[in-house]
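Colleague: Here you go, sequence then predicted model.
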Amino acid sequence: PKHLKRSKIVLVQEGMTDPEDWRYRLARRTGLPRWIGNTSMTGLSHAYEAFCVASEGYRDLFVRKGVSPERIEVTGIPNFDDCASFLRNDFPHHGYVLGATSCLRETWKPEDRDGFIRRCLEVAGGRELLFKLHPNENHARARREIERLAPRALVYDSGNTNHMIANCAALVTRYSSVVHVAIALGKEVHADIDELTLRRLVPIQNGGTSARRIADVCRRFLS
């Protein structure tokens, strides 16, 4: 925004970035506005002093895209830096397979929801199956789709997703930041991105000190 151009900005990574699909390639090749590529274009404006990222793996990812390595600070990010704390919860179920849905249709991306539900059933293999619906999707539609193919599954449209991941045996999702919690907690993960890549990207676990590290970066520019 124009009113911020004279300010010193510290950019902080929020979570997993969108895949580098045709939107990303179109924006990079044509010079169209970066918002077309959504979060896959994170960091490419260079309209900031420093960019605080989740891990060395993400540092490498952003550098490959063209972000200046001199501006990147590997601090961890507050929402994913203490996943072990999620193990302390009162969610009543344990040992199930958790299907975490996405809002792909709501963001005009392709979604095979029937295929996703069948994949969850396959991974479950008779184990208890739970679904946690994405907060931004059409919950009534999602419930109808699940009830048709997996009528015995439990479906939650609210609640703490991190606690549900902490108590599950396996997580099934598409392309979502929730995989970071599952990988950090050593869970079995089935997603649209391979496990080796996920392990490289997983945010550093520093016991919840990322906010302090980010604050230290900000202080360098306050004067």
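Modeller: In hand now; what should we look at? Residues are numbered from 1 along each chain as shown.

Colleague: OK, contacts around the closest residue to residue 105 other than its chain neighbours?
Modeller: The shortest distance from residue 105 to any non-neighbouring residue, by Cβ to Cβ, 6 or more residues apart in numbering, is to residue 111 (4.8 Å). All C-beta atoms are positioned from the backbone trio N, CA, C, and that covers glycine. By Cβ atoms under 8 Å, 6 or more residues apart in numbering, residue 111 lies in contact with 102, 104-105, 174.

Colleague: If any of the residues you listed are buried, give me the PyMOL selection for them.
Modeller: Command for PyMOL that selects the buried part of the contacts of residue 111, burial taken from 16 or more other Cβ atoms under 10 Å:
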select buried, resi 102+104+174
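
Colleague: Looking at the contacts of residue 111, which are in helices?
Modeller: Members of those lying in helices (criterion: DSSP state H): none.

Colleague: Can you tell me which of the contacts of residue 111 comes closest to residue 154?
Modeller: Taking Cβ to Cβ as the measure, residue 154 sits nearest to residue 102 out of the contacts of residue 111, at 18.6 Å.

Colleague: wait, that closest one sits on residue 134?
Modeller: Yes. Between residue 102 and residue 134 there is a contact at 5.5 Å, judged by Cβ atoms under 8 Å.

Colleague: which neighbours do these two share?
Modeller: Residues touching both residue 102 and residue 134 (Cβ under 8 Å, 6+ apart): residue 176.

Colleague: What mean pLDDT does the strand or helix carrying residue 98 get?
Modeller: Element membership for residue 98 (DSSP states H and E) is strand 97-100. Averaged across strand 97-100, the pLDDT comes to 98.

Colleague: This completes my enquiry, with thanks.
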